[in-house]
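Got a predicted model here, sequence first, then my questions.
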Amino acid sequence: MRRKARQATNPQNRPRFWGRHAVSAALANPERRIIRVSVTREAAVDYDFDPATPVTYADAADLGRLVPKDAPHQGIVAEVEKLPDIWLGDLLDEAEEGRPLLVLDQVTDPHNVGAILRSAAAFNALGIVTQDRHAPPESGALAKAASGALETVPWVRVVNLARALEEIAEAGFWRVGLTGHTNTFLADALGPKKIALVLGAEGEGMRQNTQTHCDALAKLPISDRIESLNVSNAAAIALYAVAAHKG
């Protein structure tokens, strides 16, 4: 898949990943440029570092100063360049029936986006699409929540989400927006084989303009004892529903 030209990141803004899953996945991703790895000698025995990768040995206390307080670094921290961006058209060209696309409308919490990436990997989703200005940057917290999926699930950042939804429709996707303000359940809204699930931020939900660019609005069949689910939980359940519908 083609990626946009890589833009060098200001060293002060380079992401630092920590933890075995996030760092191992970054090291295994040929698209990811590793600036340096800091690792304890005990943890280093579990890795086969590329000779071209700068590796510094440090103790756990030193690593703790490289990451947020109490972050579970598990003996390894990697400073990396951000991944080059992907073109939406290229991702849509790779669309297959049964592989849903996730569109996130102003979901800005890195833990939520990371968890959504993890679910997307688990259910073989095509990728995720976000608006560039209203989505979290790559970060250690996001990579940790994604548990390696940041490196394997395509993530497209677009300038205009409404225009992107139009392009997604032109590619043959049925766009289903998840909201509690409808009487239609998700299972009844899943028709065509190519599904795009559109989710909004917690609290505000999808913006009105985003809703108007959906082909159907649907809700999850949750108990009235709770008003809504965390957006990452909703995404996981919706992906399972699409997988079950496909089966």
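Nice, I can see it.

distance between the lengthiest helix in the chain and the chain's centre?
Longest helix in the chain, counting residues (DSSP state H): helix 231-246. Chain-centre distance of helix 231-246: 15 Å, with C-alpha atoms, centre = their mean, to the nearest Å.

Tell me which other helices or strands that helix touches.
strand 101-105, helix 110-122, helix 186-189, strand 195-200 (3 or more C-beta pairs under 8 Å, 6 or more residues apart in numbering; DSSP states H and E). Every residue, glycine included, has its C-beta placed from N, CA and C.

For the ones you listed, could you give me TSV that also reports distance to Thr53?
Shown next, in TSV, are the helices and strands packed on helix 231-246 (distance: least, C-beta to C-beta, whole Å):
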stretch	distance to Thr53
strand 101-105	32
helix 110-122	24
helix 186-189	44
strand 195-200	37
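
Of the ones you listed, which shows the lowest average pLDDT?
Note on these: helix 186-189 shows the lowest mean pLDDT, a mean of 93.

Give the buried residues for that one.
186, 189 (16 or more other C-beta atoms under 10 Å).

again, but for stretch 153-170
For stretch 153-170, the neighbour count (16+ other C-beta under 10 Å) marks 153-158, 161, 164-165, 168 as buried.

how close does the spatially most central residue of the chain sit to Ala236?
With distances taken as C-alpha atoms, centre = their mean, Leu117 lies nearest the centre of the chain, 3.4 Å away. Leu117 sits 11 Å away from Ala236, going by C-beta to C-beta, to the nearest Å.

about what we covered before: now, which of the buried residues of stretch 153-170 lie within strands?
Those of the buried residues of stretch 153-170 mapping onto strands are 155-158, per DSSP state E.

Let's have those residues in a markdown table, adding distance to Glu31.
Output for these, formatted as a markdown table (distance: C-beta to C-beta, whole Å):
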| residue | distance to Glu31 |
| --- | --- |
| Trp155 | 12 |
| Val156 | 14 |
| Arg157 | 15 |
| Val158 | 19 |
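
Could you dump those into JSON lines with pLDDT and distance to Asp90 added?
As requested, those are exported to JSON lines (pLDDT from 0 to 100; distance: C-beta to C-beta, whole Å):
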{"residue": "Trp155", "pLDDT": "97", "distance to Asp90": "13"}
{"residue": "Val156", "pLDDT": "97", "distance to Asp90": "9"}
{"residue": "Arg157", "pLDDT": "97", "distance to Asp90": "13"}
{"residue": "Val158", "pLDDT": "97", "distance to Asp90": "13"}
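
Could you list the low-confidence segments of the chain?
Applying pLDDT under 70 to the chain flags residues 1-11, 247.

residue boundaries of the helices in the chain?
According to DSSP H, the chain carries its helices in the segments 20-28, 41-44, 60-64, 88-93, 110-122, 140-146, 161-170, 186-189, 208-212, 231-246.

Give me the contact list for the fifth one.
Taking contacts as C-beta atoms under 8 Å, 6 or more residues apart in numbering, the residues outside helix 110-122 that touch it are 102, 104, 107, 125, 127-128, 130, 135-136, 139, 141-150, 152-153, 155, 199, 202, 230-232, 235-236, 239.

switch to 7 Å and redo it
For helix 110-122, contacts defined as C-beta atoms under 7 Å, 6 or more residues apart in numbering pick out 102, 104, 107, 128, 135-136, 139, 141-147, 149-150, 152-153, 230-232, 235-236, 239.

Just the buried ones from those, in PyMOL syntax?
The buried residues among the contacts of helix 110-122 can be selected in PyMOL (16+ other C-beta under 10 Å) with this line:
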select buried, resi 102+104+107+128+135+136+139+141+142+143+144+145+146+147+149+150+153+231+232+235+236+239
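
what sits against the closest residue to Ala58 other than its chain neighbours?
In this structure, Ala58 finds its nearest non-sequential neighbour in Ser38, 5.0 Å apart by C-beta to C-beta, 6 or more residues apart in numbering. Shown in contact with Ser38 (C-beta under 7 Å, 6+ apart): 56, 58, 63, 66, 77.
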